[in-house]
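Q: Any chance you could fold what I've pasted below:
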Amino acid sequence: MAQPNRNATYGPEHHFDYRIFIGKIGVALVEGILFSLQMKVFMFFINGIFWLWVFIVPAGILAFVAYWLYLKSAGNIAYSIIIGVTGIVLGVVLAEYVRKRYGLDNFFGRLRATPDIDGRNILDDRLNTKNNGEAKTEK
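A: Prediction:
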């Protein structure tokens, strides 16, 4: 009967190393999948923040109007509630419209863009978009 090799690295004191098992190509694939998953979770939170920014504008403005109306007279509570709920509904509708139509990250990126500093005129981009179907940028 053959004796087991006592120098083997498969004892309880050694942990399983997935890199040996799946090889270099597999390691790159697993690490790529993990990175992709992390980026998707990160972008989910960023888009959630952007969505809340778009939502808060109509909801906040109409909530302020509803609160002001309630402060004028406590008898206006029904109108205040209706205006507050309308603000919430309009906030959801606007946020979803922006998300579906433009994309939240694209929408806020366009708001914060400074084409005049970059030497471009945004009006030229709009004129070329209307005439040719896509914007032309010249360098």
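Q: Moving C-terminal from the helix or strand harbouring residue 78, which element do we reach first?
A: Per DSSP states H and E, residue 78 falls inside helix 77-101. Once helix 77-101 ends, the next helix or strand along the chain (criterion: DSSP H and E) is helix 104-112.
Q: Just the C-alpha atoms of that next one, please, in CSV.
A: Extracted C-alpha coordinates of helix 104-112, given in CSV (Å, rounded to 0.1, in the frame of the first residue of the first chain):
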residue,chain,number,x,y,z
LEU,A,104,-30.6,60.6,-15.7
ASP,A,105,-26.8,60.7,-16.0
ASN,A,106,-26.9,62.1,-19.5
PHE,A,107,-29.5,64.7,-18.4
PHE,A,108,-27.3,66.0,-15.5
GLY,A,109,-24.2,65.8,-17.6
ARG,A,110,-25.7,68.1,-20.2
LEU,A,111,-26.8,70.5,-17.5
ARG,A,112,-23.3,70.7,-16.1
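Q: tell me which residues in that helix are buried?
A: For helix 104-112, the buried set under the neighbour-count rule, 16 or more other Cβ atoms under 10 Å, comprises 104, 107-108. Using the backbone N, CA and C atoms, a C-beta is placed for each residue, glycine as well.
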